[in-house]
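Student: Take a look and give me a structure for this.
(one chain, ligands or ions: 2)
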Amino acid sequence: MTEALSPKAIIVTGGAGFIGSNFVHWVVDNQPDVHVTVLDALTYAGNLENLAGIPEDRMSFLHGNICDAELVDELFAKTDAVVHFAAESHNDNSIADPTPFLKTNVEGTFTLLQAARKHDVRFHHISTDEVYGDLALDDPARFTEETPYHPSSPYSSTKASSDMLVRAWVRTYGVQATISNCSNNYGPRQHIEKFIPRQITNILSGIRPKLYGDGKNVRDWIHTEDHSSAVWEILTRGRIGETYLIGADGERNNINVLRAILAEMGKAEDDFDWVRDRPGHDRRYAIDSTKLRTELGWQPKHTDFAKGLAATIKWYEENRAWWESVKQQTEAKYAAQGQ
Ligand code: NAD
Ligand code: DAU
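Tutor: Ligands and ions are numbered 1, 2, ... in the order given. Take a look at the predicted model:
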């Protein structure tokens, strides 16, 4: 039986990114006694504005790389727990150039694990449902914690590698770690390279949305705040060495998600372009989160997808300064790939 953890000081790697920053806000809003130190390299995906408004006495920001062993060692000496979000996170980028994915996702996780081992620090590793590969559209199955690993892309294979490192460090060195594998997140502050914000900001910029392949690929959408609450439950009450799948029963195919965006933004349902498919494109992801729900009593709150999507669209409408400066370069990268 693992004892419940009541951390007073936690490190959040990748806390200036989409999900990491949401988690930091969630902790600051919901756990008044916890101080957060964010360690983030501020890559193209990190943005300090994501942490705006957080009181100075609740959070410190450290600009640094998770591959910097000396820095990580120093930091881990004075914390109760680490939640590891930092990663290269975008599949299309990993297909264009896998190199930074190997560096951050594999070597970076290795560096953190070595420090967690040395300082006996509680470590929660954030991973993805993509490590399980994909399911057929007509398959009634969903991923569970027992599904064999079968990653398809350079991104998902590096995340699978990092999960394997965590498991080995638990078994061989007794590192106090847990892992969660979550499905597709949506919500405010997601980088505009990703599907939902790309289409919203295309429409806001007078560009037609872009749909890959036949548009029938299915993703299992969860609001990022629900991801955050699940991570907190696992960090504080999860069993050491265990993996928990996080999902909110949100399976939807891409064309239906795009049509919901078009409708919400007053556009015709065929006002988009079909573009070249992603090589190796996973067909369907689906999560069975029974273990998390029954063992830790977690429940998602944002189960109304239409409402969550409308609020997300509103956020991009009201925060143009946050994304407009990177829109042109993001679209130029896609255009060069025929997407
Ligand atoms: P993101 O790309 O928005 O943010 C990644 C953050 O990590 C950025 O702030 C970036 O600056 C930082 N970072 C990257 N390399 C670093 C390094 N070497 N050292 C320190 N910081 C570094 O990613 P996201 O979408 O918020 O995803 C966060 C985590 O959640 C990732 O581990 C990802 O695999 C996982 N995940 C994402 C989703 C999703 O739908 N986006 C779903 C499941 C799991
Ligand atoms: O499942 C969890 C994963 O979800 C995370 O591990 C990843 O970090 C995260 O990026 C996400 O991966 P996907 O590849 O599923 O997300 P993306 O937003 O890139 O694409 C979602 C779907 O939309 C996918 O089927 C590809 C499609 N797509 C994407 C873009 C950018 C389009 O049809 N058009 C687009 O313009």
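
Student: wait, what's in contact with the nearest residue to residue 80 once chain neighbours are set aside?
Tutor: Computed as CB to CB, 6 or more residues apart in numbering, the closest residue to residue 80 that is not its neighbour in sequence is residue 7, at 3.9 Å. (C-beta placed from N, C-alpha, C; glycine too.) Contact analysis of residue 7 by CB atoms under 8 Å, 6 or more residues apart in numbering lists 34, 80-81, 122, 235-236.

Student: Tell me which stretches of this protein form helices.
Tutor: Taking DSSP state H to define them, one finds helices in the chain at 18-30, 69-76, 91-96, 99-101, 109-119, 154-173, 195-205, 224-237, 254-264, 290-296, 305-318, 320-336.

Student: residue contacts, the closest residue to residue 247 other than its chain neighbours?
Tutor: Nearest residue to residue 247 in three dimensions, chain neighbours excluded: residue 287, at 2.7 Å (CB to CB, 6+ apart). Shown in contact with residue 287 (CB under 8 Å, 6+ apart): 129, 142-143, 181-183, 220, 245-247.

Student: Of all pairs in these, which one is the farthest apart?
Tutor: Spatial extent of those (CB to CB) is set by the pair 142 and 182 at 13.6 Å.

Student: okay, those two: which has more neighbours?
Tutor: Relative neighbour count places residue 182 above the other of residue 142 and residue 182, with 25 against 22, counting by other CB atoms under 10 Å.

Student: From residue 262, how far out is the nearest residue to that one once chain neighbours are set aside?
Tutor: Spatially, and ignoring its direct neighbours in sequence, residue 182 is nearest to residue 246 (4.0 Å; CB to CB, 6+ apart). Here residue 246 is placed at a distance of 29 Å from residue 262 (CB to CB, to the nearest Å).

Student: And these two? Which one has more around it.
Tutor: With neighbours defined as other CB under 10 Å, residue 246 and residue 262 compare such that residue 246 has more, 28 against 18.

Student: how far away is residue 290 from ligand 1?
Tutor: Noted for residue 290: a distance of 18 Å to ligand 1, by CB to the nearest ligand atom, to the nearest Å.

Student: since we're on residue 197, how many residues are nearby?
Tutor: The tally of other residues near residue 197 (other CB under 10 Å) stands at 24.

Student: err, residue 72, not the other one
Tutor: Residue 72 - counted by other CB under 10 Å - has 26 other residues nearby.

Student: next one: the one 5 residues further on
Tutor: Other residues lying near residue 77 total 11 when counted by other CB under 10 Å.

Student: dump the residue contacts of it.
Tutor: residue 119.

Student: can you redo the contacts of residue 7 as a markdown table with neighbour count, distance to ligand 1 and pLDDT?
Tutor: What follows is these, written out as a markdown table (neighbours: other CB atoms under 10 Å; distance: CB to the nearest ligand atom, whole Å; pLDDT from 0 to 100):
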| residue | neighbour count | distance to ligand 1 | pLDDT |
| --- | --- | --- | --- |
| 34 | 18 | 20 | 98 |
| 80 | 15 | 20 | 95 |
| 81 | 21 | 17 | 98 |
| 122 | 22 | 18 | 98 |
| 235 | 21 | 14 | 98 |
| 236 | 16 | 19 | 98 |
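
Student: Pull the most distant pair out of these.
Tutor: With CB to CB as the measure, no two of the contacts of residue 7 lie farther apart than 34 and 122, at 13.0 Å.
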